[in-house]
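**Q** Curious how this folds, go ahead:
(2 chains)
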Protein chains: 2
Amino acid sequence: MIEVIIEDLPTAWPNARPGSPEFLTAFLPINDHRCIPPLPVGDTPLLAAPRLRQALGMDRLWLKDDTRNPSGSTKDRASQLVIAKALEYGADTVAAASTGNAATALAAVAAAAGLRAVVFVPADAPPAKLIQMMSYGADVLPAAGSYDDAFELSLAACDRFGWTNRNTAFNPFTIEGKKTAALEIAAAMAPETPDAILVTAGDGVITAGLAKGFADLETVGLIARRPRLIVVQPDGTAAIATALRSGSEAIVPVPGATSVADSLTVSSPRNAMLCLREVRASGGAGVIVSDDAILASIPRLASLSGVFAEPAAAAALTGLETALAEGLVDRDEHVVLMITGSGLKDIAAAAQALEIPEPIEPTIDAVAERLATSS
Amino acid sequence: MIEVIIEDLPTAWPNARPGSPEFLTAFLPINDHRCIPPLPVGDTPLLAAPRLRQALGMDRLWLKDDTRNPSGSTKDRASQLVIAKALEYGADTVAAASTGNAATALAAVAAAAGLRAVVFVPADAPPAKLIQMMSYGADVLPAAGSYDDAFELSLAACDRFGWTNRNTAFNPFTIEGKKTAALEIAAAMAPETPDAILVTAGDGVITAGLAKGFADLETVGLIARRPRLIVVQPDGTAAIATALRSGSEAIVPVPGATSVADSLTVSSPRNAMLCLREVRASGGAGVIVSDDAILASIPRLASLSGVFAEPAAAAALTGLETALAEGLVDRDEHVVLMITGSGLKDIAAAAQALEIPEPIEPTIDAVAERLATSS
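**A** Residues are numbered from 1 along each chain as shown, chains lettered A, B, ... in the order given. Now for the predicted structure:
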């Protein structure tokens, strides 16, 4: 694992603006700031969300709104570092398998930097993600089968064609890149430290990235203790959370894994062992939530905070309510929900929790009638 | 029109971070920072986009990436100020008509602040915008007919039910709120000043907001001169650009206005006269572009910059290429493209310029075959 460059820290923290070249070169293995891709990533808001706090009775709740990243998800953080290293090493093609967001993030950052992106996705990925990554100019290869099939295929293709492999967990820079979310949370909350972070998991890389970030901060003395990491997974794809809850050291794959949260739908999580270890070391836990609860959490989160999240992101709120019920989190703790992707990524999912009203005639009487009916 | 609070400026500029309470209260008519809604708006990147610069031979081109706003469009800037004033005045319901983005922005900021939003939209608005505004909890009234019909209906409803009216142009705070984009551009480029801004127009409010921002900056001596405002409109809804090009003082409405850029599709632009006056005073001009060129500009912009824009936003790039051809902009000028909304707002439009590839079998031979075919 790459170590933080400690000698730069005293001047870089907390004066450097998150996302700035000074911030990134201080905390990431970027040797030359000219290799930072010309598309700003991170520096996303940490929101107090007062109405959500009130609804949950949690005065110290925060939302890390990573929907504000350039392609709309936390995955941009990993792609930023992967592309920076590809530029440094002189690579011209970077490939990855993805449920959608990682490929889109790779495509966006590669487009800005002028590298070729080749991405392998399950053929049934949400259309918005496919259209977005294609618009960025990526070579998109929708593969019949699951994300796990696409992952294996991308490994073989990188071997065969000599491409740089950006696959999550496989490429250690994906974990290292995602740690910037932890650095930003800590910077925004200082001098307080979060007690717990709720984060959803597919492969478990965002979780490991957060763990690495907080560990770095503890190592250099910028925080006194690490927060507990609470991993949230849907019940149809809960390999990591199941192991956490059973106390098992082994991960049992979930053949035919399925969830409305497409970003989390993984049969064999690629980063499960590191994720398990880090969550346990943090004193954290796993919680499991239903697809119905995830869908309901999309409008609940949006209407109480103004943050519109995709299923895999809104699931953090579902997970928080479960964790509260299970006593894993106290209402007076400093708690952060990682909101990892925009609701615009999967409109069809959000629509399942809503009913689009019938059009009305454009008359004031029709307005009055509709309002009387709906209230 | 509300005047900028001049006495706060010397300390507020350029040290206050754009989007911060200090920045907003210095430049906007916000009397109490506690009325600023708890959802950060603006402070979006001004991107150098080196590959786009290279493609166009324009070394001083910039993109103002307003897709990064909380609901994904520039309209959040207007809603932020409207809701701040609604909070100050003690209003509980804010209503607006919208082609989609303004209603979504109102819904998002109102949700964060705890106000009720009632929005009138054409029944054929893109599904993503409808689903997004409903997720934020707005009362959505899709009205049979055009945006212009919805606009009239919303005026009548505000009268009848006593709601605060957020309609664009009708409520002066919409123009005032949107000027923050100009302030941020000037802050990011200082000590340089932009020579020209390319901005698309429906009602013409974003244009007027930019004009007001640069005028404020000139008034207080923070910039030496205002940039030329170049208004871009699709050929099916070009009332403002047509008047600009003909030298007419009158706006001729476009009955049955139509464009792939739904955000710009307006028969009778509500802010046309002020927009005309400001564009002419700036030494600017109007350009008219086709729907086909707009659609093609979505992947062109995304693949050269990493910014995925909706049709109404990507049209600024089309407009730039037209303006270059017409001699309205020189390649060595400092030019900014306003990218006003995210491509995720209208995936169906982006898809029209692309062809989703057929799935391949998950074998390395199938990969090799596909690559050989597509290259």
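**Q** ok, which stretches of the stretch 101-250 of chain A are strands?
**A** A:116-122, A:139-143, A:164-165, A:196-200, A:228-234 (DSSP state E, counting those that start in this stretch).
**Q** Turn the ones you listed into a markdown table, including mean pLDDT and distance to A:Thr207.
**A** Backbone N, C-alpha and C define where each C-beta goes, glycine included. What follows is the strands of the stretch 101-250 of chain A, written out as a markdown table (pLDDT from 0 to 100; distance: least, C-beta to C-beta, whole Å):
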| stretch | mean pLDDT | distance to A:Thr207 |
| --- | --- | --- |
| strand A:116-122 | 95 | 22 |
| strand A:139-143 | 94 | 26 |
| strand A:164-165 | 95 | 21 |
| strand A:196-200 | 98 | 5 |
| strand A:228-234 | 98 | 6 |
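**Q** Out of those strands, the one nearest chain B is which?
**A** Proximity to chain B (C-beta to the nearest C-beta) singles out strand A:139-143 among the strands of the stretch 101-250 of chain A, at 4.5 Å.
**Q** re the thing from before, reformat the strands of the stretch 101-250 of chain A into a markdown table and put mean neighbour count and distance to chain B next to each item.
**A** Formatted as a markdown table, the strands of the stretch 101-250 of chain A follow (neighbours: other C-beta atoms under 10 Å in any protein chain shown; distance: least, C-beta to the nearest C-beta, whole Å):
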| stretch | mean neighbour count | distance to chain B |
| --- | --- | --- |
| strand A:116-122 | 25 | 8 |
| strand A:139-143 | 22 | 4 |
| strand A:164-165 | 18 | 14 |
| strand A:196-200 | 28 | 18 |
| strand A:228-234 | 28 | 19 |
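**Q** all helices for the stretch 1-150 of chain A, in order.
**A** A:9-12, A:21-27, A:50-56, A:75-89, A:101-113, A:127-135, A:147-161 (DSSP state H, counting those that start in this stretch).
**Q** Out of the ones you listed, which one sits most buried?
**A** With neighbours defined as mean count of other C-beta atoms under 10 Å in any protein chain shown, those peak in mean count at helix A:101-113, which reaches a mean of 32.
**Q** helices and strands around it, which ones?
**A** Applying 3 or more C-beta pairs under 8 Å, 6 or more residues apart in numbering or on different chains; DSSP states H and E, one finds that helix A:101-113 contacts helix A:75-89, strand A:93-97, strand A:116-122, helix A:127-135, helix B:291-305.
**Q** Of all those, which one is nearest A:Glu218?
**A** For A:Glu218, the closest of the helices and strands packed on helix A:101-113 is helix A:75-89, at 19.9 Å, according to C-beta to C-beta.
**Q** If we look just around chain B, which residues of the stretch 1-150 of chain A are in range?
**A** Residues of the stretch 1-150 of chain A lying near chain B by C-beta under 8 Å from any C-beta of the partner chain: A:37-40, A:45, A:47-51, A:65, A:68, A:70-72, A:108-109, A:111-112, A:114, A:123, A:127-128, A:130-132, A:134-137, A:139-145, A:149-150.
**Q** could you give the angle of the helix or strand harbouring A:Ala366 to helix B:147-161?
**A** Element membership for A:Ala366 (DSSP states H and E) is helix A:364-374. Taking axes from the mean of the first three to the mean of the last three C-alpha atoms, to 10 degrees, helix A:364-374 and helix B:147-161 form an angle of 70 degrees between their directions.
**Q** and helix A:364-374, how far out from the chain's middle?
**A** 41 Å (C-alpha atoms, centre = their mean, to the nearest Å).
**Q** so where's the stretch 1-150 of chain A uncertain?
**A** Confidence mapping of the stretch 1-150 of chain A against pLDDT under 70 gives the ranges A:1-14.
**Q** how does it look with 80?
**A** A:1-15 (pLDDT under 80).
**Q** re earlier: using a markdown table, lay out the helices and strands packed on helix A:101-113 together with distance to B:Phe170.
**A** Putting the helices and strands packed on helix A:101-113 into a markdown table (distance: least, C-beta to C-beta, whole Å) gives the following:
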| stretch | distance to B:Phe170 |
| --- | --- |
| helix A:75-89 | 38 |
| strand A:93-97 | 48 |
| strand A:116-122 | 45 |
| helix A:127-135 | 33 |
| helix B:291-305 | 27 |
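**Q** related to what we said a few turns ago, next, format the strands of the stretch 101-250 of chain A as TSV and append distance to B:Phe173.
**A** As requested, the strands of the stretch 101-250 of chain A are exported to TSV (distance: least, C-beta to C-beta, whole Å):
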stretch	distance to B:Phe173
strand A:116-122	42
strand A:139-143	43
strand A:164-165	49
strand A:196-200	36
strand A:228-234	40
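**Q** Which one of these lies nearest to B:Met189?
**A** Across the strands of the stretch 101-250 of chain A, closest to B:Met189 is strand A:116-122 (C-beta to C-beta), at 30.5 Å.
**Q** other SSEs contacting that closest one?
**A** strand A:93-97, helix A:101-113, helix A:127-135, strand A:139-143, helix A:147-161.
**Q** how does it look with 6 Å?
**A** Contact here means 3 or more C-beta pairs under 6 Å, 6 or more residues apart in numbering or on different chains; DSSP states H and E; on that basis strand A:116-122 packs against strand A:93-97, helix A:101-113, strand A:139-143, helix A:147-161.
**Q** Please tell me how far A:Thr67 sits from A:Val307.
**A** A:Thr67 sits 7 Å away from A:Val307, going by C-beta to C-beta, to the nearest Å.
**Q** Give me the common contacts of these two.
**A** Jointly contacting A:Thr67 and A:Val307 under the rule C-beta atoms under 6 Å, 6 or more residues apart in numbering or on different chains are A:Ile339.
**Q** Which one's more surrounded, the two?
**A** Higher neighbour count among A:Thr67 and A:Val307: A:Val307, with 32 against 27, using other C-beta atoms under 10 Å in any protein chain shown.
**Q** just checking, the more buried one touches A:Trp62?
**A** No: with contacts counted by C-beta atoms under 6 Å, A:Val307 stays clear of A:Trp62, the gap being 11.4 Å.
**Q** A:Ile356: how many residues sit nearby?
**A** A count of nearby residues for A:Ile356, using other C-beta under 10 Å, gives 13.
**Q** Leaving out chain neighbours, which residue sits closest to it?
**A** B:Leu130 (5.9 Å; C-beta to C-beta, 6 or more residues apart in numbering or on different chains).
**Q** And A:Ser98, by the same measure?
**A** That would be A:Val121: by C-beta to C-beta, 6+ apart, it lies 5.7 Å from A:Ser98.
**Q** residues in contact with the one you found?
**A** So A:Val121 contacts A:Ser98, A:Ala103, A:Pro142, A:Ala150 (C-beta under 6 Å, 6+ apart).
**Q** Distance of the third one relative to A:Val94?
**A** Distance, A:Pro142 to A:Val94, by C-beta to C-beta: 18 Å.
**Q** again, but for the last one
**A** In this structure, A:Ala150 lies at 16 Å from A:Val94, with C-beta to C-beta as the measure.
**Q** Could you do the second one as well?
**A** Taking C-beta to C-beta as the measure, A:Ala103 and A:Val94 are separated by 11 Å.
**Q** List of residues touching the helix holding A:Ala366?
**A** By C-beta under 6 Å, 6+ apart, helix A:364-374 touches A:Ile360, B:Ala156, B:Ala157, B:Arg160.
**Q** In CSV: these, plus pLDDT and distance to A:Arg370.
**A** Listed next are the contacts of helix A:364-374 as CSV, based on pLDDT from 0 to 100; distance: C-beta to C-beta, whole Å:
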residue, pLDDT, distance to A:Arg370
A:Ile360, 94, 5
B:Ala156, 95, 14
B:Ala157, 96, 10
B:Arg160, 95, 13
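**Q** Out of those, flag the one nearest to A:Ala257.
**A** A:Ile360 (42.6 Å).
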